[in-house]
Every structure is written in structure tokens, then in C-alpha cells.
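Trainee: Structure here, sequence nowhere to be found:
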């Protein structure tokens, strides 16, 4: 999570908390921010799942080459089953 997104989250949360018991509460602003962030996360995860499905269809040797490339570039890679090509 980047620092700009964290700041936006806490800013919306502080505004919501400061107006919680007033007539012009801003809880909706925080809820909308939260759900938009959740939607973006779901979209990113769906993309990763699609990538994994494509990788699962590859023969084993190209998968090992992609894993080796990730290792050489210092990217995290658990194993072939949880591998994310993320080119």
C-alpha cells in the first residue's frame, strides 16, 4: 500500500469520525472510499488469478524459466503453484 493511499484513507476516516454525531456527518465519504479501495483490490486479485490460470496451462519448462527470471530480478516467488508472472 502506498503512502498517498494510506493518507487518503486516514484523512477520510478522520473527517468521518469528527462529524459522526453531527447533522452533517461525513461517514458516507469514508464508506465510499473504503468500498472503492475494496473494488480496486478485488480487480487486482482477479487479474492475478487470470495470470495464474494462464501460467497453469504452460508446459513446466517455461514456468521454471519465469521463476528463474523472478529470482534473478529479486522478485518474490514462492513456488510454481503460487507464482505470479507479473511482467
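Mentor: In hand now; what should we look at? Computed from a predicted structure; not experimentally measured.
Trainee: What segments of the protein are helices?
Mentor: Using DSSP state H, the helices of the chain run over 3-18, 27-56, 60-72.
Trainee: Adding mean neighbour count, write the ones you listed out as JSON lines.
Mentor: Glycine gets a C-beta too; all of them are placed from N, C-alpha and C. Listed next are the helices of the chain as JSON lines, based on neighbours: other C-beta atoms under 10 Å:
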{"stretch": "helix 3-18", "mean neighbour count": "13"}
{"stretch": "helix 27-56", "mean neighbour count": "12"}
{"stretch": "helix 60-72", "mean neighbour count": "13"}
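Trainee: Return the member of the ones you listed having the minimum mean pLDDT.
Mentor: Per-stretch mean pLDDT for the helices of the chain is lowest at helix 60-72 (a mean of 78).
Trainee: now the angle from it to helix 27-56?
Mentor: 130 degrees (axes from the mean of the first three to the mean of the last three C-alpha atoms, to 10 degrees).
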